[in-house]
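Build me a structure from this.
(one chain, ligands or ions: 1)
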Amino acid sequence: MTYIVGLTGGIGSGKSAAADLLEELGAAVVDTDVIAHELTAPGGPAIEPIRAAFGDGVIAQNGALDRAAMRRKVFADAPAKARLEGILHPMIRAEADRRSDASRAPYVVLVVPLLVESGGYRRRVQRVVVVDCPEEIQVVRVMSRSGLSEDEARAIMAAQVGRAQRLAVADDVIDNGGELAALRPQVEALHRKYLEMAAVS
Ligand code: ADP
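Residues are numbered from 1 along each chain as shown. Predicted coordinates:
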């Protein structure tokens, strides 16, 4: 069986940065955000079910999901949001399983931004690693990466579980509150540990 480490963290905490380093060291990375984008790209398998549920208005000219239109539709409409997630989440989970099973790497890093929030993924992973940094630093990184305002960054963070709740489910923690250079030695140590754990699993 493939040994799977679930990697999570709040927006801007440094999940991608940590996953990139683990991949460089030889782990296979399966990223549920990447899968979600592929499913909703032009011709992606989620497009027609979404069109059937929400109409042509949420599909852009090029055939991709119109994210802004979709966000407006589900904003403050919990049943619509649940309907969208009912289409997307099973497809994302199935594809994540398929990619994990197909991997020949010593272990898989499954990147799931909302791992703590969604029980379906905690059952799928042998171990949980949390990329952690203070919330004030998250805000700064999200603003500089995506050009969002401070209010927008805080609104996204408010919809995610807080730092303490996330740390409570962590088997391992990567402290990314410091410089990028401090990430590598921590990631290298964890990689060695995961290689050992995968070998005896
Ligand atoms: P996530 O995937 O968790 O949303 P990213 O890995 O994309 O977070 O990091 C968010 C932003 O912060 C990116 O622009 C990234 O380059 C930057 N970043 C990540 N870690 C650090 C760090 N230790 N110091 C400074 N910038 C960082």
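
Tell me the helices and strands packed up against the host helix or strand of Ala52.
Using DSSP states H and E, Ala52 maps to helix 47-54. Where contact means 3 or more Cβ pairs under 8 Å, 6 or more residues apart in numbering; DSSP states H and E, helix 47-54 is packed against helix 67-74, helix 78-102. Yep, even glycine has a C-beta here, placed from its N, CA and C like the rest.

what do you get if the cut-off is 6 Å, keeping everything else the same?
helix 78-102 (3 or more Cβ pairs under 6 Å, 6 or more residues apart in numbering; DSSP states H and E).

Mind listing the strands the helix or strand that the helix it packs on is followed by pairs with, and their directions?
Sequence order places strand 108-111 as the next helix or strand after helix 78-102, per DSSP H and E. Paired with strand 108-111 in the same sheet, following DSSP bridges, are strand 4-8 (parallel), strand 28-31 (parallel).

next SSE after the worst-scoring helix or strand of the chain on mean pLDDT?
Every helix and strand of the chain was ranked by mean pLDDT, DSSP states H and E. The lowest is helix 119-122, at a mean of 82. Tracing the chain C-terminally past helix 119-122 and defining elements by DSSP H and E, one meets strand 127-132 next.

tell me the mean pLDDT for the helix or strand harbouring Ala189?
Under the assignment given by DSSP H and E, the secondary-structure element containing Ala189 is helix 183-200. What helix 183-200 shows for mean pLDDT is 97.

and what of stretch 9-28?
97.

Make 6 the first number, not 1, from now on.
Yes, from this point I'll number from 6; that puts the last item at stretch 14-33.

Only the buried residues of stretch 99-117, if you could.
Buried residues in stretch 99-117, counted by 16 or more other Cβ atoms under 10 Å: 100-101, 104-105, 108, 110-117.

These: which two are farthest apart?
Spatially, the most separated pair among these is Glu100 and Pro111, at 21.4 Å (Cβ to Cβ).

What residues does the chain have near the ligand?
Near the ligand, the residues belonging to the chain are 14, 16-22, 146, 150, 181, 184-185, 188 when assessed by Cβ under 6 Å from any ligand atom.

Going by neighbour count, which of the residues you listed comes out on top?
For these, counting by other Cβ atoms under 10 Å, the largest number of neighbours falls to Gly14: 30 neighbours.

Same question for the least confident helix or strand of the chain: list its buried residues.
The neighbour-count criterion (16+ other Cβ under 10 Å) identifies Tyr126 as the buried residues of helix 124-127.

Outside of that helix itself, list whatever touches it.
Residues outside helix 124-127 that contact it (Cβ atoms under 6 Å, 6 or more residues apart in numbering): Arg98, Val117, Leu120.

Any chance of those residues in JSON lines with pLDDT as columns?
JSON lines is the format used below for these (pLDDT from 0 to 100):
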{"residue": "Arg98", "pLDDT": "95"}
{"residue": "Val117", "pLDDT": "96"}
{"residue": "Leu120", "pLDDT": "93"}
